[in-house]
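**Q** I'll drop the sequence and a predicted model, then ask my questions.
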Amino acid sequence: MAKNTKLDIRQMTIYQVFLRQYSNKQNFEGLIDDLERIKDLGVDIIYLLPIHPIGLKARKGTKGSPYAIKDYDDINLEYGNLEDFETLIKKAHKLGLKVMMDIVINHTSRDSKLTQEHPDWFYHDEKGHFANRVGDWSDITDLDYSNKAVWTYMTDMLMYWAKKVDGFRCDVAPLIPLDFWIQARSKIETIKKDFIWLTESVQPGFIKYLRDKDYECYSDGEMYQAFDICYDYDIFEYMDLYLQDSSKLDFWIDAIKNQEMIYPSNYIKLRSFENHDQKRLRSKVKDQSKFIQMLALEFFLKGTPLIYAGMEHQATHEPSLFEDDLIIWNKQLSVESIISNLAQIKKDDLFKDGHFNIKNFNGVVMISYQRDEHTLYGIFNLENKEEVALPLDDCHVINIFNQKEISIKNKTILLDNEPIIFKITKENTL
């Protein structure tokens, strides 16, 4: 495991921004204008999709994918320049916000600076053309990490950007040699001790598919040797299955439980119920009440919650990666105050190192974090139940979520449309 992973990362909230779709200005300035609001949302880390120039060759759509990078040393001029980026970082830091940038080093665009200067650094097909190991991504070509010159170049590049930002989100990192990531982390630690490493891990089925083709591809358990946070893609399909069929809730809950056994004790999962690669959560739930229950559950799960910009206004449209497709901001649908409240609740130290338990009570999920004599409970009414029987002693408590008094009588709690979160000072078990 990454032995120097700081567990307080579990208490942080990440806010994901795709600059092209975020504001009418579509640039760093548009984000700078909104930093105060983001701070008030309770965010700790702003995570930016790739900010580098986009290739032209075989470009997808009219604007191109930000993951088809043309030059790692430069900034996409549509967003601004290096000085503008540094201004964003400076102003974010002044507000106490960290900035994380997306790193894409499995591949480049097919007309990248590196394909022109070092064509031997890339995979080629049997005809000698630039190629991918898998997939139909016509706008990119994979780097070949059997060439140690690639390691040197990429490590130097990461060192350069690490001096400016506070963390990396690393695109399809499991397809790159794990030893490279371990080495890169070690070198960056010499210049920045509290750097945060997030890997976009991949679905189990895709890992098996790649390994069957004799390609390197690492599981989340392996990736924790170099990374602090892994995506939740190992169990994401179970959440989607539940949202399509409520009878499948136990599959998802059991998958969450299993993470406690199969990963290192200091594991951190990115709890991301929506992002740039997934449909909006609000589009997958039937009403606002279910959305809020799910949103609160995301924050209460063990790990680091991610808000994809627009989620706080219940956005249902998934912005295109390849076109201008601005987020529709609708203040009338704002749940910003709820997110701010949840982000503040997440600061409780029990989320950092409390003993985690989760159980489904017929559509009502109860989560607890216990340490010494203190236990924090979250009760999430996912299936609109009127009451639920729980293995808890009778008592009166204050729901931290809305400051209302909650009574537990005969081990039963009356439910409404809002999550229930409370803390008691004696030990209970699920």
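**A** Sure thing, it's come through.

**Q** excluding its backbone neighbours, what's nearest Trp161?
**A** What sits nearest to Trp161 in space, not counting adjacent residues and going by Cβ to Cβ, 6 or more residues apart in numbering, is Met101, at 6.3 Å. Heads up, the C-betas are built off the backbone N, CA and C, glycines and all.

**Q** surely that neighbour touches His52?
**A** No - between Met101 and His52 there is no contact under Cβ atoms under 8 Å: 9.4 Å.

**Q** check the secondary structure at the residue nearest to Trp161 for me.
**A** Per DSSP: H, G, I helix; E, B strand; the rest coil, the local secondary structure of Met101 is strand.

**Q** would you map the helices across the chain?
**A** Defined through DSSP state H, the helices belonging to the chain, from first to last, are 19-22, 28-32, 35-40, 82-94, 113-117, 148-162, 178-189, 204-212, 220-223, 236-244, 249-262, 288-300, 336-345, 350-353.

**Q** export those as CSV, with columns for distance to Leu390.
**A** Shown next, in CSV, are the helices of the chain (distance: least, Cβ to Cβ, whole Å):
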stretch, distance to Leu390
helix 19-22, 41
helix 28-32, 43
helix 35-40, 34
helix 82-94, 42
helix 113-117, 57
helix 148-162, 46
helix 178-189, 42
helix 204-212, 32
helix 220-223, 31
helix 236-244, 20
helix 249-262, 15
helix 288-300, 15
helix 336-345, 20
helix 350-353, 18
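
**Q** any chance of these in CSV, with mean neighbour count and distance to Ile9 too?
**A** Output for these, formatted as CSV (neighbours: other Cβ atoms under 10 Å; distance: least, Cβ to Cβ, whole Å):
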stretch, mean neighbour count, distance to Ile9
helix 19-22, 23, 24
helix 28-32, 20, 22
helix 35-40, 15, 18
helix 82-94, 15, 17
helix 113-117, 15, 32
helix 148-162, 16, 17
helix 178-189, 17, 15
helix 204-212, 14, 24
helix 220-223, 20, 15
helix 236-244, 17, 20
helix 249-262, 16, 16
helix 288-300, 21, 14
helix 336-345, 19, 14
helix 350-353, 18, 9
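
**Q** out of those, flag the one nearest Ile420.
**A** Of all the helices of the chain, it is helix 288-300 that lies closest to Ile420, at 9.3 Å by Cβ to Cβ.

**Q** give the other helices and strands that that closest one contacts.
**A** Secondary structure elements in contact with helix 288-300, counted by 3 or more Cβ pairs under 8 Å, 6 or more residues apart in numbering; DSSP states H and E, are helix 336-345, strand 364-371, strand 374-381.

**Q** now do 7 Å
**A** The contact analysis (3 or more Cβ pairs under 7 Å, 6 or more residues apart in numbering; DSSP states H and E) places helix 288-300 against helix 336-345, strand 374-381.

**Q** that older thread, would you agree the residue nearest to Trp161 is in contact with Phe168?
**A** Yes - the criterion here is Cβ atoms under 7 Å, and Met101 meets it with Phe168 at 6.4 Å.

**Q** mind putting the helices and strands packed on helix 288-300 into CSV with distance to Leu77 and mean pLDDT?
**A** Converted to CSV, the helices and strands packed on helix 288-300 look like this (distance: least, Cβ to Cβ, whole Å; pLDDT from 0 to 100):
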stretch, distance to Leu77, mean pLDDT
helix 336-345, 32, 98
strand 374-381, 45, 98
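
**Q** now these as a markdown table including distance to Cys217?
**A** Below are those laid out as a markdown table (distance: least, Cβ to Cβ, whole Å):
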| stretch | distance to Cys217 |
| --- | --- |
| helix 336-345 | 34 |
| strand 374-381 | 34 |
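
**Q** about what we covered before: what is the residue nearest to Trp161 paired to in the beta sheet?
**A** Leu48, Phe168 (DSSP bridges).

**Q** how close does it sit to Phe180?
**A** 18 Å (Cβ to Cβ, to the nearest Å).

**Q** low-scoring pLDDT stretches of this structure, where are they?
**A** Under the criterion pLDDT under 70, the flagged ranges of the chain are 1-2, 136, 427-430.

**Q** ok, 90 please
**A** Low-confidence regions of the chain, defined by pLDDT under 90, span residues 1-4, 125-129, 131, 133-138, 202, 425-430.

**Q** looking at Met101 and Phe168, which has the bigger crowd around it?
**A** Higher neighbour count among Met101 and Phe168: Phe168, with 26 against 21, using other Cβ atoms under 10 Å.

**Q** need the contact list for the more buried one.
**A** Residues touching Phe168, when contacts are defined by Cβ atoms under 7 Å, 6 or more residues apart in numbering, comprise Met100, Met101, Ile103, Trp197, Leu198.

**Q** go on, Arg169?
**A** Residues in contact with Arg169, defined by Cβ under 7 Å, 6+ apart, are Tyr47, Met100, Asp102, Ile103, Leu198, Glu200.

**Q** tell me the buried residues within the residues you listed.
**A** When neighbours are counted using 16 or more other Cβ atoms under 10 Å, the contacts of Arg169 contain these buried positions: Tyr47, Met100, Asp102, Ile103, Leu198, Glu200.

**Q** of these, which pair is most distant in space?
**A** Of all pairs drawn from these, the greatest distance, 12.3 Å, lies between Met100 and Glu200 (Cβ to Cβ).

**Q** residues near the closest residue to Lys279 other than its chain neighbours, how many?
**A** What sits nearest to Lys279 in space, not counting adjacent residues and going by Cβ to Cβ, 6+ apart, is Glu318, at 5.4 Å. Per other Cβ under 10 Å, the neighbour tally for Glu318 reads 17.

**Q** do I have it right that Glu318 meets Leu281?
**A** No - proximity of Glu318 to Leu281 does not meet the contact threshold set by Cβ under 7 Å, at 10.6 Å.

**Q** okay, now the domains of the chain?
**A** In terms of domains, the chain is parsed into 7-347, 358-424 (source: automatic domain parsing).

**Q** roughly how far apart are Leu376 and Ala149?
**A** In this view, Leu376 and Ala149 are 51 Å apart by Cβ to Cβ.
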